[in-house]
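Enquirer: below are the sequence and a predicted model; questions follow.
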Protein chains: 2
Amino acid sequence: MSKRIITITRQYGSGGREIGEKLAKRLDIEFYDNKLLDIAAKDSGIHKTHFEESDERRTNSFLYLLSTTYGQGGVPFDDALFFAQLNAIQKIASRESCVIIGRCADYALRDFNNVVNIYITAPLEDRIKRAINSYGIGEKHAAEYVKRMDKQRISYYNYYTDKRWGVPENYELCVDSAALGIDGSVDLLESFIKMYFKE
Amino acid sequence: MSKRIITITRQYGSGGREIGEKLAKRLDIEFYDNKLLDIAAKDSGIHKTHFEESDERRTNSFLYLLSTTYGQGGVPFDDALFFAQLNAIQKIASRESCVIIGRCADYALRDFNNVVNIYITAPLEDRIKRAINSYGIGEKHAAEYVKRMDKQRISYYNYYTDKRWGVPENYELCVDSAALGIDGSVDLLESFIKMYFKE
């Protein structure tokens, strides 16, 4: 069986992470979300808390960029974190079939074979509900929070890649998770992946 | 069985029309592409050639808009053509299951139930090849032609609707037809539609 790499880009609260995790189980392949940061931290020698603090968002501070550089090359610290993740993604994809959530994985693997890129959306009202019920975000600020998380991810992606976040042409498939629900979306994606890799 | 309305928005040369036609056959429901214009022409009393001449594009001429109005209300002629198609789409969707290609059908049916909106893309190089091999566009100007057709459709859609063309959130599913090919895409969409309508 050929290696199968699946990247999932997801709107905040769309259930993309859950879909990815269930899809990996169905396909019996590894699942990388937060676990990716462990590898990036270990390989780069930068403490994991730094990756977690700036996960898929730019610090955006000019002073911060001026004052914090990393290593002998004087790379801004943000960039060092990005490149450590990019290396980790490429290392993982070189060795095994997997599902990778976010972190510009589609961009990191743009020159790799056997990569399928998926984008998961959901209507805003569904995403706000998931933020409240599943992620414990306070009802009062949930709408604002969801929109801010999207903006952070979009800004991070568009800054570090030469592609645009959420443009259908960048993905083999874009799925509105509200159409079939979480498990239905996993069913559809499982069929799609099996058809794509001609199993 | 409940009524099933499927709208297909497609990039020029993506094979979206062919996918829609095959999907309609598989589901044994009506298929509307050019045929929609017959109904719009018949119901509005405007000759079909006018619909064909400005099919999914704006004439974009200020003088034209000034000089050509239609009917007692003095509606610009372009708008009269748009509204005649909108009425035809709503009439068809009220009476039968169908696949409708383009013509802002997703917008026309935004308040209807049992509607699934699909967007079909393909890499630019594939679309140029299809324009040359299937639509007989000259090789020299094919790339330019494909891009202009896209621009016309996008401009038409964004002018007449309050939505943006090609934004994943507007569709239940976006499919890159190059991922599975035309027949593979039809297979996937058939599964999706059957899951969506819980058959």
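Expert: That came through, no problem. Given the structure is predicted, the values throughout are model-derived calculations rather than measurements.
Enquirer: list the buried ones in stretch A:30-41?
Expert: A:31-33, A:36-37, A:39-41 (16 or more other CB atoms under 10 Å in any protein chain shown). In this view, the C-beta of every residue, glycine as well, is placed from N, C-alpha and C.
Enquirer: ok, now stretch A:37-54?
Expert: A:37, A:39-41, A:44, A:46, A:50-51, A:54.
Enquirer: make TSV from those and add secondary structure and distance to chain B to it.
Expert: Converted to TSV, those look like this (DSSP: H, G, I helix; E, B strand; the rest coil; distance: CB to the nearest CB, whole Å):
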residue	secondary structure	distance to chain B
A:Leu37	helix	27
A:Ile39	helix	28
A:Ala40	helix	28
A:Ala41	helix	32
A:Ser44	helix	33
A:Ile46	coil	34
A:His50	helix	32
A:Phe51	helix	28
A:Ser54	coil	26
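Enquirer: farthest pair in these?
Expert: A:Ile39 and A:Ser54 (16.5 Å; CB to CB).
Enquirer: how much space separates the residue in chain A that chain B sits nearest to from B:Val175?
Expert: Of all residues in chain A, A:Cys174 sits closest to chain B, with a separation of 3.6 Å (CB to the nearest CB). Look at A:Cys174 and B:Val175: by CB to CB, to the nearest Å, they are 8 Å apart.
Enquirer: between the two, which is the more surrounded one?
Expert: B:Val175 (32 against 27; other CB atoms under 10 Å in any protein chain shown).
Enquirer: tell me the strands beside the helix or strand encompassing that one, with direction?
Expert: Element membership for B:Val175 (DSSP states H and E) is strand B:173-176. Here strand B:173-176 has these sheet partners by DSSP bridges: strand A:173-176 (antiparallel), strand B:115-121 (parallel).
Enquirer: out of these, the one nearest A:Ser155 is which?
Expert: strand A:173-176 (20.1 Å).
Enquirer: so of the strands paired with strand B:173-176, which one's packed in deepest?
Expert: strand A:173-176 (a mean of 26; mean count of other CB atoms under 10 Å in any protein chain shown).
Enquirer: report the buried residues of the helix or strand that that one is followed by.
Expert: The helix or strand immediately downstream of strand A:173-176 is helix A:177-196, counting by DSSP H and E. Using 16+ other CB under 10 Å as the test for burial, helix A:177-196 gives A:177-180, A:182, A:184-189, A:192-193, A:195-196.
Enquirer: now do the contacts for A:Thr7.
Expert: By CB atoms under 8 Å, 6 or more residues apart in numbering or on different chains, the contact set of A:Thr7 is A:99-100, A:105-106, A:109, A:115-118.
Enquirer: should've said A:Asp187
Expert: So A:Asp187 contacts A:180, B:195 (CB under 8 Å, 6+ apart).
Enquirer: quick one, phi/psi of A:Pro76?
Expert: phi -50, psi 140 (degrees, to the nearest 10).
Enquirer: do you know how far it is from A:Lys147?
Expert: Distance from A:Pro76 to A:Lys147, by CB to CB: 27 Å.
Enquirer: that older thread, tell me which of the buried residues of stretch A:37-54 has the lowest pLDDT.
Expert: On pLDDT alone, A:Ser54 ranks lowest of those, at 77.
Enquirer: the closest residue to it other than its chain neighbours: helix or strand, and which one exactly?
Expert: Distances taken as CB to CB, 6 or more residues apart in numbering or on different chains place A:Leu81 nearest to A:Ser54, at 5.8 Å, with adjacent residues excluded. For A:Leu81, the host element (DSSP H and E) is helix A:77-95.
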